[in-house]
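Asker: model the following, please.
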Amino acid sequence: MTHISADAIFVSEQTNQIDLLSEIYHQLLDLGAVKGDFLSQVLHREQHFPTGLKTDQLGAELPNIALPHTEGQFVTSQLIVPVALKNPVVFHHLVNPSEALEVSFLFVLLDTKPDGQAQLLAEVMAFLVQTPVNSLRTFLNLKDPAAIGAFLTQHSSL
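Answerer: Modelled structure (predicted):
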């Protein structure tokens, strides 16, 4: 079962977290994938439970990622939303919240079920671990939604 939708793969030129998450929110709202207070909830969650993740343990020269998400009541779809960033955006590390990370790629996790994000997170982590490092480096540096979608279609079960 795929959790990627071709119309929910984005590329952003934003340079700060609030503008980035606001832009993604409006795109997802236009698609009907989120509702209500999604943006304020995601921003609140990032402030108190950050989602930045270092990828250096997976291989050299991989850009850091973030996995923004919030509660299912603010979501209408089950999706993993890839977002390539043309400029690094600061997120904080999910294990060490005081550590700021420059992030270059997001996987926004949307699920209506209370425990759904955990399953989607597991799928993203499996993709990251199982994709060969050179391929993963290529993927995380793509800046075209069609190319991102094509890569995921060929190389993953997301």
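
Asker: show me what contacts F10?
Answerer: Contact analysis of F10 by Cβ atoms under 8 Å, 6 or more residues apart in numbering lists E23, I24, Q27, V81, P82, V83, A84, P145. For the C-beta atoms, the positions are set from N, CA and C on the backbone; glycine is no exception.

Asker: quick check: closest non-adjacent residue to A33.
Answerer: Leaving out its chain neighbours, the residue that sits closest to A33 by Cβ to Cβ, 6 or more residues apart in numbering is S77, at 4.3 Å.

Asker: rewinding a little: which of the contacts of F10 lies closest to L152?
Answerer: Of all the contacts of F10, L152 sits closest to P82, with 7.1 Å by Cβ to Cβ.

Asker: now for I80, how many residues are close by?
Answerer: For I80, the neighbour count with other Cβ atoms under 10 Å is 25.

Asker: host element of it?
Answerer: Following DSSP states H and E, one finds I80 within strand 79-92.

Asker: sheet partners, orientation included, of that strand?
Answerer: Here strand 79-92 is paired, per DSSP bridges, with strand 10-12 (parallel), strand 100-110 (antiparallel).

Asker: any idea how far stretch 124-140 is from the middle of the chain?
Answerer: Taking Cα atoms, centre = their mean, to the nearest Å, one finds the center of stretch 124-140 at 14 Å from the center of the full chain.

Asker: may I have it exported as PDB, CA atoms only?
Answerer: Once non-C-alpha atoms are left out, stretch 124-140 reads as follows in PDB (Å, rounded to 0.1, in the frame of the first residue of the first chain):
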ATOM      1  CA  VAL A 124      10.200   6.100   6.300                       C
ATOM      2  CA  MET A 125      13.000   4.800   8.500                       C
ATOM      3  CA  ALA A 126      12.900   1.400   6.700                       C
ATOM      4  CA  PHE A 127      13.200   3.400   3.400                       C
ATOM      5  CA  LEU A 128      16.200   5.300   4.700                       C
ATOM      6  CA  VAL A 129      18.000   2.300   6.000                       C
ATOM      7  CA  GLN A 130      17.300   0.000   3.100                       C
ATOM      8  CA  THR A 131      18.100   2.400   0.300                       C
ATOM      9  CA  PRO A 132      21.800   2.200  -0.700                       C
ATOM     10  CA  VAL A 133      23.700   5.300   0.500                       C
ATOM     11  CA  ASN A 134      24.600   6.600  -3.000                       C
ATOM     12  CA  SER A 135      20.900   6.300  -4.100                       C
ATOM     13  CA  LEU A 136      19.700   7.900  -0.900                       C
ATOM     14  CA  ARG A 137      22.200  10.800  -1.300                       C
ATOM     15  CA  THR A 138      20.800  11.300  -4.800                       C
ATOM     16  CA  PHE A 139      17.200  11.100  -3.600                       C
ATOM     17  CA  LEU A 140      17.600  13.500  -0.700                       C
END
